[in-house]
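> A structural model of the following input is requested.
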Amino acid sequence: MTVDWGRGGPDLLVAVDRDAGPLRTQIQDQLRAAIRDQRLGAGERLPSTRRLAELLEVARGTVVDVYEQLLAEGYLESTVGSGTRVAAIGSSGGSARRAPVVVSAPSSPRPVDFEYGIPDLRSVPLSDWSWAVSKATQTLPTAALGDEDLAGSRNLREVVTAYHRRVRAGWATAEDAIIVSGFRQGLAFALATLARQ
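I've put the predicted structure just below:
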């Protein structure tokens with residue numbers, strides 16, 4: 001499922017180094033890689049040229065040139081009124097995933113500590129959380145408030161992992177995620193990403 005973020009969605013994980021060559025090339029390469037790696041899925045909306053230019057502190061014309069080049073290469077598609085979206089690439093419509101780079105594992109497995117603790121609440125993206133809750137409850141059927149899959153809501157797992165891929169350059173899919181809910185100042189959730197083999 002492609003997550004439709006609306007309004008451009010959360011910010012992209014794109015960075016520029018002003019000492020590392022042309023900014024246009026850096027942005028193109030990073031967006032191209034994100035699409036090839038499927039961190040940006042087919043149909044996913046990109047930020048407007050104005051928004052991305054503001055985020056990267058570059059001229060809007062630079063971002064316009066980047067989008068036009070990626071449109072010409074077939075990585076993006078643009079429709080009036082729908083914004084710029086990621087095009088389906090490859091014969092499988094962009095559904096094939098590239099295998100993640102395998103890093104040699106430590107000699108002994110490290111235990112994972114799931115013990116309850118107090119997270120750093122200053123790092124919680126409250127505006128993104130508020131937007132996501134508002135968006136989800138606009139179309140939430142009453143039946144969705146009942147018990148579901150033990151791993152948590154499939155839709156929530158898809159949104160959380162899509163956000164993780166888009167903003168943190170992760171590889172997780174909905175099948176890799178577990179949503180844990182509990183009572184401590186409302187609903188809290190934890191995303192557990194399983195090691196991919």
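
> how far away is the most centrally placed residue in the chain from Ser123?
The centroid of the chain falls nearest to Arg166 when counting by Cα atoms, centre = their mean (2.3 Å). Relative to Ser123, Arg166 is positioned 18 Å away (criterion: Cβ to Cβ, to the nearest Å). All C-beta atoms are positioned from the backbone trio N, CA, C, and that covers glycine.

> likewise for Thr25?
With Cβ to Cβ as the criterion, Thr25 and Ser123 are 32 Å apart.

> what do you get for Arg168?
Where Ser123 is concerned, Arg168 sits at a distance of 13 Å (Cβ to Cβ).

> what about the two, which has more around it?
Arg168 (12 against 6; other Cβ atoms under 10 Å).

> Ala162: neighbour count?
25.

> quick check: it touching Gly41?
Yes. Ala162 is in contact with Gly41 according to Cβ atoms under 8 Å; the separation is 7.0 Å.

> which residues does Thr79 contact?
For Thr79, the contact set (Cβ atoms under 8 Å, 6 or more residues apart in numbering) comprises Arg85.

> ah, wrong one, I meant Ile35
Contacts of Ile35 by Cβ under 8 Å, 6+ apart are Leu70, Tyr75, Leu76, Val86, Ile89.

> host element of the last one?
Using DSSP states H and E, no element contains Ile89; it sits outside every helix and strand.

> for Gln69, helix, strand, or coil?
helix (DSSP: H, G, I helix; E, B strand; the rest coil).

> same deal with Glu77?
Under three-state DSSP, Glu77 comes out as strand.

> does it touch Leu70 like I think?
No. Taking contacts as Cβ under 8 Å, Glu77 lies outside contact range of Leu70: 9.7 Å.

> so which of the two has more stuff around it?
Leu70 (22 against 16).

> what does the pLDDT read for the more buried one?
Note on Leu70: pLDDT of 92.

> do I have it right that it meets Ser78?
No. Contact criterion Cβ under 8 Å: Leu70 and Ser78 do not qualify, at 9.9 Å.

> show the contacting residues for Tyr67.
Leu46, Thr49, Leu76, Ser78, Thr84.

> go with 7 Å
Counting by Cβ atoms under 7 Å, 6 or more residues apart in numbering, Tyr67 touches Thr49, Leu76, Thr84.

> could you dump those to a markdown table with pLDDT and neighbour count?
Formatted as a markdown table, these follow (pLDDT from 0 to 100; neighbours: other Cβ atoms under 10 Å):
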| residue | pLDDT | neighbour count |
| --- | --- | --- |
| Thr49 | 86 | 19 |
| Leu76 | 91 | 22 |
| Thr84 | 86 | 20 |
